[in-house]
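[1] build me a structure from this.
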Amino acid sequence: MNITVIGRGRVGGGLARLWEKAGHQVRTLGRDGGDASDTDVVVVAVPGDTIAEALRRVTGLDGQVTIDATNLYTERDSAFPSLAHQVKSVIGGPTAKSFSTVFAAAYDQITAQRVTPSNLYAAEPAAKDVTDRLIRDAGFDPVYVGDLDPGARLLEDSSGLTRALAGQIGPFFYRYAAPGEL
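    Have a look, this model is predicted:
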């Protein structure tokens, strides 16, 4: 798969490395922007308050499947129900929200875990299969929480809990499973 990751920080750069190891062709774009016209999937991994600025610098965004991996640390743009909806308003393709509830600081420890860590995600139907595959290829077990609406907002609103837990135990993995599956 050809993947363009917008954002070269811990999340974007870390995901790019994981997907390259899984055999995908990955291009990362930083603050200077670039072209995403010949890509299958666009991953947006920038701070939530910089979405508009970051996407404005990227050409060739035209309906690709998109995974929003942004996090909210300031006020949300009230014109959109979620950051994922804001991303979708620019790119226009089937959109998912993923990788916002896992810690990039622990990416290099995924394979050392006794059980595969979970990664929660929300997705529109046309983005679900691609997102599921890329979650698996990054080393996580995907846990679908539902469609983008209301799933993306639910995931974004859980970031306070995630940060509170991390304040107590540091970066962590989590696992969701039905009884008897652990």
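
[2] next, count neighbours for the residue nearest to residue 173 when sequence neighbours are not counted.
    Nearest non-adjacent residue to residue 173, counting by CB to CB, 6 or more residues apart in numbering: residue 117, 3.7 Å away. In this view, the C-beta of every residue, glycine as well, is placed from N, C-alpha and C. For residue 117, the tally of surrounding residues (other CB atoms under 10 Å) stands at 18.

[3] surely residue 117 meets residue 110?
    Yes: between residue 117 and residue 110 a contact is recorded at 6.3 Å, counting by CB atoms under 8 Å.

[4] doesn't residue 142 belong to a strand?
    Yes: Residue 142 forms part of a strand when assessed by DSSP: H, G, I helix; E, B strand; the rest coil.

[5] local confidence estimate at it?
    Residue 142 is assigned a pLDDT of 98 by the prediction.

[6] what bridges to it?
    For residue 142, the beta-bridge partners are residue 119 (DSSP bridges).

[7] my read is that it contacts residue 129, right?
    No: under the contact definition of CB under 8 Å, residue 142 does not touch residue 129, with a separation of 10.4 Å.

[8] when those two are compared, which one has more neighbours?
    Neighbour count, other CB under 10 Å: between residue 142 and residue 129, residue 142 has more, with 19 against 12.

[9] quick check: residue 133 vs residue 51, distance?
    Between residue 133 and residue 51 the distance, using CB to CB, to the nearest Å, works out to 24 Å.

[10] meant to ask about residue 33, not that
    Distance from residue 33 to residue 51, by CB to CB: 13 Å.

[11] now swap in residue 168 and tell me
    In this structure, residue 168 and residue 51 are separated by 29 Å, where distance is defined by CB to CB.

[12] okay, those two: which has more neighbours?
    Between residue 168 and residue 51, counting by other CB under 10 Å, residue 51 is the more crowded of the two (22 against 7).

[13] wasn't that one part of a strand?
    No: in this structure, residue 51 is helix, not part of a strand, as judged by three-state DSSP.

[14] tell me the contacts of the nearest residue to it once chain neighbours are set aside?
    If you skip the residues right next to it in sequence, residue 51 has residue 86 as its closest partner in space, 5.4 Å away by CB to CB, 6+ apart. Contact analysis of residue 86 by CB atoms under 8 Å, 6 or more residues apart in numbering lists 51-52, 77, 79-80.
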